[in-house]
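Enquirer: okay, sequence plus prediction incoming.
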Amino acid sequence: MKKLLISFAVIGVFSSISYGITREDLEKDPILKGKMLAKRCAWCHDINRDLLAPSFNAIIERYKSLPDNQFKNMVIKAIKDGSKGKWTKWMSKHIRTKLGKPEDMYMPSQKPYYNEKEMKLIADWLLSLKKNKE
């Protein structure tokens, strides 16, 4: 577990360097900080492309009718507790895998990797994407 966390820290440092973003930039702009934190989500999610999970834009589109505070709370809960069964139909149409059936796929809890403040920053970033689509 320690090696995994160190790996994420190293990836985060190199990601920040490669984008020319300083720690000061992140502290001044919470939306940018949320976006950078969400880079870890790139194992399964992309902004536009469907990977192992729906893109962030697909998530935003599906929940566009939710009020902002409800959308934000839903995102935080999914990050904290994980999610299973919400995207089964989507999975069966978009994901081809030999790892199991679409109904068996789930998003594991990300609580070990993010604290409450970081989860809120990611939710704020997704909310900003949602608002830009309106």
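Expert: Yes, it's here.
Enquirer: need the nearest residue in space to Arg62, chain neighbours excluded.
Expert: Spatial nearest neighbour of Arg62, excluding adjacent residues (C-beta to C-beta, 6 or more residues apart in numbering): Pro54 at 7.6 Å. Quick note: C-beta positions are derived from backbone N, CA and C, even for glycine.
Enquirer: hmm, I typed the wrong one, I wanted Pro30.
Expert: Leu121 (5.7 Å).
Enquirer: now name the helix or strand holding that neighbour.
Expert: Using DSSP states H and E, Leu121 sits within helix 116-133.
Enquirer: got the buried residues for that helix?
Expert: Across helix 116-133, burial judged by 16 or more other C-beta atoms under 10 Å covers 118-127, 129-130.
Enquirer: and stretch 92-108, by the same measure?
Expert: Within stretch 92-108, the residues that count as buried by 16+ other C-beta under 10 Å are 94-95, 102, 105, 107.
Enquirer: centre of the chain to it, how far?
Expert: Distance of stretch 92-108 from its chain centroid, counting by C-alpha atoms, centre = their mean, to the nearest Å, is 18 Å.
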